[in-house]
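Build me a structure from this.
(2 chains)
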Amino acid sequence: MSTVLWSLGAIVVLLAGGWVMRLAGQSLTGNKPFFRDMPLAVAFGYVLGAALLLFGIWYYFQPAVTADGVPVASVQFFRWAVQGVLIGAAAAFVFRLIGRTLGTAGSRKMFRQMPLTAAFGVLVILIYALLAIFAPALAPHGQEEVFGQANIVPGGNPALGGNPDFPLGTDQIGRDILSRLIYGAQNTVGIAFATTLLAFVLGGTFGFLAATLRGWMDQVLSRMVDVLMAIPSLIFSLLLITVASAWVSGFGLTVAMVVIIAVIDSTRVFRLARAVGMNIVVMDYIEAAKLRGEGLPYLIFREILPNATAPLLAEFGLRFCFVFLTISALSFLGLGIQPPLADWGTMVKDLSAFINYASFAPLAASVPLLAAGAIALLTVAVNFVVDWMLNRSSGLKD
Amino acid sequence: MNPVIKIILQRLALGLLTLFIVSIVIFAAVNMLPGDFAEAILGQGATPEAVAAIRRDLGLDQDPVTRYLQWLAGALQGDLGNSFAQANFASFVGDDSGVRTTVAQQIAPRFANTMFLAGVTAAIAVPFAVTLGVLAALYRNSVFDKVANISTLTSISSPEFFLAYVLILFLAVLNPLLPSLSNIYADMGFAERLQKTLLPALTLTLVVTAHMMRMTRAAIINLLASPYIEMARLKGIKPMRVIVHHALPNALAPIINVIALNLAYLITGVVVVEVVFVYPGIGQLFVDSVKIRDIPVVQACCLIFAAAYILLNLTADILSILSNPRLRHPK
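Here you go, the predicted structure:
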């Protein structure tokens, strides 16, 4: 009850603050239109934003360790979050600056028009790609290497139960967490990428085929896709994985999962490819190609595909995010990428119990969040880039 | 006949047909299993007599079409078969008095729990998302809009378990406000049940709000270039009133659509969130059954999820037809 009263009181105070701020602005600026036409709600919003900002700054500079040497975990986590956001923004800014001065005229122009979020997205995707490609060189240990000591505390401080060889500690059976995180970029992202690619090959081919041939072929394919799309995809993939798990296990199950998710996801690609293809097959150059006597493969891959790349590319980004999240969710449930491959979803599941130690060991609690955050960061980055691409191509300004 | 009723009847028939075909797909998928359930239960060292006994017991000796029809007829009457995991094979052991757990008995309480979770989520998320969407459309391209855009994109992109663990970290571990485990019993008071459901519900809210809010904003902004909005502005109506009275009713169809789609999304999102919070809902039952390959339960859960999904999509369809005045009042 007291919480409700407190929040009501805070709202009243903020409203009064907003009213005073508006009045002050009006009298100080000689009644400029910006303050003259400001509704009270907007003034309230400004004051609320300022109050939150001040509170954040105050909270950031609270001591992170009490006088007795006990860590204050919430302050610590808040600092990490703020530092993460600031470092990310600064890195994106520098990256955009570099892009604006180096490279060809075209790339410089692109970077000049790029919002900071998109620059951040491009930078993160580049880093993930580098991590995935050079994982074996970057990781200090192998992903399946089991060491003698399990559950080493992260931080690398021997006095607290850490080990400088394992900066992020080891997991429940003694594998180096940092190495598994780095290999996770290769496995999780690589498998999601391969799955999306397969989904696009399947969905794109059949979609263009349906658009070109029309008739019964189109009907059969479209109705099949309708049925598959009527089942929620995560549920259907779980059902099919149950079936597949009776046939194969281990790495085979991972491959089965890739195929299952690719087939389920290709239905969405099919819809888009068919719709885009329908608009292309009525063009004159398709007619000309048909009259020249070109075969079906030529029509699909040399005439339709090049003209459908732009919408398919934007869709590829979004599909990748979706597939990546689905695979992570399946792995988190223990039914996706199978051990011993290092994978972020599985790591979150295995390490999740550490969250409960957050109040006295913030570093240990952050490890499962690191794996989950690695998944979130990549999807956020891809979404930022796709958002910018869509905005640019549609020219939405208002 | 009124064209609206005709369209609605058509959609209903289509929905039923889809559900029927989906049930065939689910049944067929399960029947692709090598060998059959009997061998799966007994393992590889089973004697042929034991396998035959269980096959007879489960009705596996009939042909697939008969079995499908029996399963469908049972499902329509609420009988979804017996769970493998908890079946004691009465006829095989020779004792016929054993009580069996039917799939329906296992699912019913959990289904109610999941509905409760989805209901709480919807009650928080829908008003919140629509308000935020209207505000973002009203103050578009302002700082508020940009902050909202970035934070919703972030929460859409995050996996559910990431949001769940962040919420657990801040609301359950660092500041013990809410329980991080949702152990719910049948005879629990509403307040206590709500308190235990709140954290999973908040997680799901974060996931669906972002999407609903963005679509609400987009739907309203799409309309802002229309002549009647221009007219309303030129009359000198306040911006808030332009949006709430002139744009929002016309944007209702896409907004209703996206709300229903997100509620349908809740159906799948619920699986991961229930596992994180150990919430005794149908999603957790589904995952557990998948792991131990308890086929009748998997089949039944799948059918229920698909039915809910189809139903919500159908509702979205019908509501957006009803919200279209051009269809409601034909010339």
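
Report the rounded mean pLDDT for the helix or strand containing A:L53.
Per DSSP states H and E, A:L53 falls inside helix A:40-60. Averaging pLDDT along helix A:40-60 yields 88.

According to the record, where do the domains of chain B fall?
Per the record, chain B has its domains at B:3-101, B:113-291, by automatic domain parsing.

Roughly how far does B:A219 sit from chain A?
Taking C-beta to the nearest C-beta, to the nearest Å as the measure, B:A219 falls 13 Å from chain A. In this view, the C-beta of every residue, glycine as well, is placed from N, C-alpha and C.

isn't A:A358 right next to A:L369, touching?
No: the criterion here is C-beta atoms under 8 Å, and A:A358 misses it with A:L369 at 9.4 Å.

intersection of neighbour lists for those two?
Common neighbours of A:A358 and A:L369 (criterion: C-beta atoms under 8 Å, 6 or more residues apart in numbering or on different chains): B:L169.

Show the subsequent helix or strand relative to the worst-scoring helix or strand of chain B on mean pLDDT.
Scoring the helices and strands of chain B by mean pLDDT, DSSP states H and E places helix B:90-93 at the bottom, with a mean of 41. Next helix or strand after helix B:90-93 toward the C-terminus (DSSP H and E): helix B:103-138.

other SSEs contacting the very next helix or strand once past that next one?
Counting by DSSP H and E, the element after helix B:103-138 in chain order, helix or strand, is helix B:143-157. Counting contacts by 3 or more C-beta pairs under 8 Å, 6 or more residues apart in numbering or on different chains; DSSP states H and E, helix B:143-157 packs against helix A:40-60, helix A:362-394, helix B:103-138, helix B:190-223.

Next, the buried residues of helix B:143-157.
The neighbour-count check on helix B:143-157 (16 or more other C-beta atoms under 10 Å in any protein chain shown) flags B:F144, B:D145, B:A148, B:N149, B:I150, B:T152, B:L153, B:T154, B:S155, B:I156, B:S157 as buried.

Can you tell me which of those is closest to chain A?
Distance to chain A across the buried residues of helix B:143-157 (C-beta to the nearest C-beta) is lowest for B:S157, with 3.7 Å.

isn't the closest one right up against A:C321?
Yes: contact criterion C-beta under 8 Å: B:S157 and A:C321 qualify, at 6.3 Å.

which residues are in contact with both of these two?
Contact criterion C-beta under 8 Å, 6+ apart; residues shared by B:S157 and A:C321: A:T379, A:V382, A:N383.

quick one: contacts for the residue nearest to the first one when sequence neighbours are not counted?
Nearest residue to A:T379, sequence neighbours excluded (C-beta to C-beta, 6 or more residues apart in numbering or on different chains): B:S157, at 3.7 Å. B:S157 is in contact with A:C321, A:L325, A:A376, A:T379, A:V380, A:V382, A:N383, counting by C-beta under 8 Å, 6+ apart.

run the last query once more with 10 Å
Contact analysis of B:S157 by C-beta atoms under 10 Å, 6 or more residues apart in numbering or on different chains lists A:321, A:324-325, A:375-384, B:210.

Also A:T379?
For A:T379, the contacting residues are A:192, A:317-318, A:320-322, A:324-325, A:328, B:153-154, B:156-159, B:162, by C-beta under 10 Å, 6+ apart.

Got a ChimeraX select line for the buried ones in those residues?
Buried residues within the contacts of A:T379, by 16+ other C-beta under 10 Å, are selected in ChimeraX with:
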select /A:192,317,318,320,321,322,324,325,328 /B:153,154,156,157,158,159,162
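
And the contacts of A:T379, which is closest to B:A122?
B:I156 (17.6 Å; C-beta to C-beta).

Thought A:V380 was touching that closest one, still the case?
Yes: contact criterion C-beta atoms under 10 Å: B:I156 and A:V380 qualify, at 8.7 Å.

so what sits against both of these two?
Counting by C-beta under 10 Å, 6+ apart, the contacts common to B:I156 and A:V380 are A:C321.

Skip the chain neighbours and tell me the closest residue to B:P200.
Closest to B:P200 by C-beta to C-beta, 6+ apart is B:F277, at 4.5 Å.

residues from the stretch 51-200 of chain B in reach of chain A?
For the stretch 51-200 of chain B, the contact set with chain A under C-beta under 10 Å from any C-beta of the partner chain comprises B:135, B:138-144, B:146-147, B:149-150, B:153-166, B:168-170, B:172-177, B:180.

tell me the contacts of the residue lying closest to A:Q76 once chain neighbours are set aside?
Spatial nearest neighbour of A:Q76, excluding adjacent residues (C-beta to C-beta, 6+ apart): A:P362 at 4.5 Å. By C-beta under 10 Å, 6+ apart, the contact set of A:P362 is A:64, A:71-77, A:79-80, A:155, B:169, B:174.

pLDDT below threshold where in the stretch 1-150 of chain A?
A:1, A:69, A:150 (pLDDT under 70).

Flag every residue of it that's near chain B.
Counting by C-beta under 10 Å from any C-beta, the residues of the stretch 1-150 of chain A near chain B are A:3, A:37, A:39, A:41-42, A:45-46, A:48-49, A:72-78, A:81, A:115-117, A:120-121.
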